[in-house]
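Student: let's see this in three dimensions:
(chains A and B)
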Number of protein chains: 2
Amino acid sequence: MPELRQNFFSKEWVIIATERAKRPEELATHRAVQPIPAFVETCPFCQGNESKTPPEVMRLPANGSEPWAVRVIPNKFAALSSEAQPTRSLQHLRRRIDGFGFHEVIIDSPDHSKYMGLLPDAHVADILRAFKQRYNTLSLDQRIAHITLFKNHGSDAGASLQHPHSQLIATPVIPSQVRHRLFEALRHYDDVGECMFCHMVEREIEDQTRVVIKSEHFVAMEVFASATPFATHIFPLRHMASFGDISAPEIVDLARVLRTMLAKIYVGLENPDFNFTVRSGPAEYAGARHFHWYVSVIPRLTRVAGFELGSGMFINTVLPEAAAEFLRNVSVDKAVGAGAGV
Amino acid sequence: MPELRQNFFSKEWVIIATERAKRPEELATHRAVQPIPAFVETCPFCQGNESKTPPEVMRLPANGSEPWAVRVIPNKFAALSSEAQPTRSLQHLRRRIDGFGFHEVIIDSPDHSKYMGLLPDAHVADILRAFKQRYNTLSLDQRIAHITLFKNHGSDAGASLQHPHSQLIATPVIPSQVRHRLFEALRHYDDVGECMFCHMVEREIEDQTRVVIKSEHFVAMEVFASATPFATHIFPLRHMASFGDISAPEIVDLARVLRTMLAKIYVGLENPDFNFTVRSGPAEYAGARHFHWYVSVIPRLTRVAGFELGSGMFINTVLPEAAAEFLRNVSVDKAVGAGAGV
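Tutor: Numbers count the residues shown, from 1 in each chain, chains lettered A, B, ... in the order given. Down below sits the predicted model:
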């Protein structure tokens, strides 16, 4: 029988459609393996081509022979402009703000072929350090209200360049979707006196059925009311509202958990396009007792159709519990560092 | 300069990214014309194959030689089951309901090749009559809280069968996204004493820049804070919260306006995949003074990426005012009734 499940953070309902149910392995892409070169002459993100990008905002040095580990640059085709000012206007019911904001690119590594799930853990930790540094620096700008960190992998996930990279967009508003989750979390805190995310994480660890990895500081799990197949959340066990407060040992641990999850998705589902995003409370809520940041990983295995657009409700054909079991059983020991063409 | 615009219904912000701006015609698909046959032997929706579908729920008779004009059938791969009961349970923070609901298919016409935008207006009116009849019949079921009517056209829009058809999903909950819009509309009514949709429609007609078609009973316009290129809303001029209250003359008029908009999108953007959805208030709010139903048409010309998933904010590269001007200038007089292979 099909089932409706409620996402407790957004209060949105999801249909788990068992009549259309698929076994997790049926979702694998069956893509032909395409060897990817480590260097592409026309790629602006490859080493040696640094002059093809706007001047860099920061770089982290490499340990080995490479010129750098991670570079951060302004997006050449930025959605928002740091030159504008966030001036507001309201005319009738039409509210607008001049397009102020920051849009940056975090280049994962100098190597064109090194998908994040196949990088060494220590290198993924460097990428997360760059995330934290840019997050905290831009949060100091009083005109910035919220920062979204994300990755697009593959053209179905919106990536226009193949060279592995992540992005950051800092906006002068808190997105309404984020505000709605903050409000629901605050209401739970008012009612029950606890962070609903902390409560949920505790119960999920007890229950185990949706947990894929539990480490010292993090838990990676399939989402109870998952809108799409294999949607995965990674929660810090310590209560923290803002990603900017992640500690040095937590970065090392998250690097291993995130990299392992991406490798499991890469191996088990045969390199699907995917997005991940850091869902953090706004920096100004850093001390909030009701909100809790997390990483959301979303493989792009299905299409959004009219029902989803018209109602906001999603139809998911894979049981989250089956997805969790599948991912627990994917072995990725051999995948790390294998690089091109895997 | 880029610009942030607020969707007044959802309070979500959209980035109109002028740095990445595209002229409307750049979004055209440039698809090769594929002739489509009027009959496909293996298609369960074609005339003569009626026995391949579940028993029909209703049919509208044809005027000419065809066996019927419109058929409505239960979806063979239904997302929800009419056999279930909407029993609720709550365990910790995990809320679920057994998957009760209705999922029906409205077959637009017996002809496999007849895209809705190229059907005669009188036939589109028949489709809308079937929409209304099913909407009102299912609304009588006290277990149903909300009904979504929608169309998926093309595989990027989630269509799995080529034969033109629409769908209806009736759920035992009001989707949270719909409830959020109802709440914002009620707040506006409380503050100002008017339906915010009526107010907006009046101002848009005065302003003209985003209006594409104004008829006796409807206005079709590009959306001020459009999340994606060419998102189009069609509003009834008369205040009505529920689609179920549309009158006979209004159906005739909407058929012409909707069909013309779909034909303009078909010709101007070269048959892109698209969705449309009827955004109606729940039937139980039929008399509500604060809500107003409308049709939303969404061509699927772009991909949703990590920023959109992580924040709920969209980046749109086409100015809605430019899209409106482009669509006003697309001539579709010759397109109607041309059928296959246009």
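
Student: where do the helices sit along chain A?
Tutor: With DSSP state H as the criterion, chain A has helices at A:121-139, A:176-192, A:196-207, A:248-268, A:306-311, A:320-328.

Student: of all those helices, which one is nearest residue B:182?
Tutor: The closest of the helices of chain A to residue B:182 is helix A:306-311. By CB to CB, the value is 12.8 Å. Any C-beta I mention is one placed from the backbone N, CA and C, and that applies to glycine too.

Student: deepest of the helices of chain A, which one?
Tutor: Mean neighbour counts were compared across these using mean count of other CB atoms under 10 Å in any protein chain shown; the top stretch is helix A:306-311, at a mean of 25.

Student: right, is that one up against chain B?
Tutor: Yes. Helix A:306-311 lies within reach of chain B by CB under 8 Å from any CB of the partner chain, at A:306, A:307, A:308, A:309, A:310, A:311.

Student: got it, and stretch A:64-82?
Tutor: Yes. Counting by CB under 8 Å from any CB, chain B has neighbours in stretch A:64-82: A:77, A:78, A:79, A:80, A:81.

Student: endpoints of that stretch, how far apart?
Tutor: The first and final residues of stretch A:64-82 sit 35 Å from each other (CA to CA, to the nearest Å).

Student: buried ones in it, by neighbour count?
Tutor: The neighbour-count criterion (16 or more other CB atoms under 10 Å in any protein chain shown) identifies A:68, A:69, A:70, A:71, A:72, A:73, A:75, A:78, A:79, A:80, A:81 as the buried residues of stretch A:64-82.

Student: could you identify the most distant pair in those?
Tutor: Farthest pair in the buried residues of stretch A:64-82, by CB to CB: A:69 and A:81, 28.8 Å.

Student: wait, residue A:177 sits on residue B:11?
Tutor: No. Using CB atoms under 8 Å, residue A:177 is not in contact with residue B:11, being 9.8 Å away.

Student: contacts for stretch A:78-85?
Tutor: Here stretch A:78-85 makes contact (CB atoms under 8 Å, 6 or more residues apart in numbering or on different chains) with A:74, A:98-103, A:143, A:169-171, B:1-2, B:15, B:17, B:19-20, B:307, B:315.

Student: got it, and stretch A:302-312?
Tutor: For stretch A:302-312, using CB under 8 Å, 6+ apart, the contacting residues are A:12, A:228-229, A:313-315, A:317, B:79, B:146, B:148-152, B:155-159, B:167, B:169, B:171, B:175-178, B:275-279, B:296, B:298, B:304.

Student: switch the cut-off to 6 Å
Tutor: Residues outside stretch A:302-312 that contact it (CB atoms under 6 Å, 6 or more residues apart in numbering or on different chains) are A:12, A:228, A:314, B:148, B:150-152, B:158, B:169, B:175, B:177, B:275, B:277, B:298.

Student: pull up the residues of the stretch 101-250 of chain A that are close to chain B.
Tutor: A:148, A:150-152, A:158, A:169, A:173, A:175-177, A:200, A:203, A:224 (CB under 6 Å from any CB of the partner chain).

Student: any chance of those residues in CSV, plus pLDDT and distance to residue B:35?
Tutor: Putting these into CSV (pLDDT from 0 to 100; distance: CB to CB, whole Å) gives the following:
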residue, pLDDT, distance to residue B:35
A:148, 98, 45
A:150, 98, 42
A:151, 98, 42
A:152, 97, 36
A:158, 92, 33
A:169, 98, 44
A:173, 97, 49
A:175, 96, 45
A:176, 93, 45
A:177, 93, 43
A:200, 96, 54
A:203, 96, 57
A:224, 97, 47
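
Student: returning to that earlier point: and the helices of chain A: which comes nearest residue A:26?
Tutor: Comparing these by their distance to residue A:26 (CB to CB), the top pick is helix A:320-328, with 10.5 Å.

Student: check which residues of the worst-scoring helix or strand of chain A on mean pLDDT are buried.
Tutor: Lowest on mean pLDDT, DSSP states H and E among the helices and strands of chain A sits strand A:88-91, with a mean of 93. Residues of strand A:88-91 include none that count as buried (16+ other CB under 10 Å).

Student: repeat for stretch A:15-32
Tutor: Buried-residue list, stretch A:15-32, by 16+ other CB under 10 Å: A:15, A:16, A:17, A:19, A:20, A:22, A:24, A:27.

Student: that one vs chain B: in contact?
Tutor: Yes. Residues of stretch A:15-32 contacting chain B under CB under 6 Å from any CB: A:15, A:17, A:19, A:20.

Student: now do the same for residue A:65: its pLDDT.
Tutor: We have a pLDDT of 84 for residue A:65.

Student: typed the wrong thing, it's residue A:25
Tutor: In this model, residue A:25 is scored at 86, pLDDT.

Student: next one: the one 4 residues further on
Tutor: At residue A:29 the predicted local distance difference test score is 85.

Student: same check, this time on residue A:144
Tutor: Looking at residue A:144, the pLDDT reads 97.

Student: for it, which non-adjacent residue is spatially closest?
Tutor: In space, residue A:144 comes closest to residue A:170 once its chain neighbours are excluded; the distance is 4.7 Å by CB to CB, 6 or more residues apart in numbering or on different chains.

Student: bridging residues for the one you found?
Tutor: residue A:102, residue A:147 (DSSP bridges).

Student: tally of neighbours for it?
Tutor: Residue A:170 is flanked by 25 other residues according to other CB atoms under 10 Å in any protein chain shown.

Student: correct me, but it touches residue A:138?
Tutor: Yes. Assessed by CB atoms under 6 Å, residue A:170 is found in contact with residue A:138 at 4.8 Å.

Student: what sits in contact with each of these two?
Tutor: Counting by CB under 6 Å, 6+ apart, the residues touching both residue A:170 and residue A:138 are A:102, A:144, A:147.

Student: and of the buried residues of stretch A:15-32, the nearest to residue B:326?
Tutor: residue A:15 (36.6 Å).

Student: please state the offset of stretch A:197-214 from the chain centre?
Tutor: 19 Å (CA atoms, centre = their mean, to the nearest Å).

Student: revised request: answer the last question for stretch A:76-91.
Tutor: Averaging C-alpha positions (CA atoms, centre = their mean) puts stretch A:76-91 25 Å from its chain's average.

Student: what's around residue A:2, how many residues?
Tutor: 22.

Student: surely it touches residue B:100?
Tutor: No. Using CB under 6 Å, residue A:2 is not in contact with residue B:100, being 8.4 Å away.

Student: contacting residues for the residue nearest to residue A:144?
Tutor: Counting by CB under 6 Å, 6+ apart, residue A:170 has contacts A:101, A:102, A:138, A:144, A:147.

Student: so who does residue A:73 touch?
Tutor: Going by CB under 6 Å, 6+ apart, residue A:73 touches A:53, A:54, A:56, A:105.

Student: among the shared contacts of residue A:170 and residue A:138, which one sits closest to chain B?
Tutor: Of all those, chain B sits closest to residue A:147, with 9.4 Å by CB to the nearest CB.

Student: against residue A:293, how distant is that closest one?
Tutor: 11 Å (CB to CB, to the nearest Å).

Student: looking at these two, which is more packed in?
Tutor: Each of residue A:147 and residue A:293 has its neighbours counted (other CB under 10 Å); residue A:147 has more, 27 against 20.

Student: tell me the pLDDT of the more buried one.
Tutor: 98.
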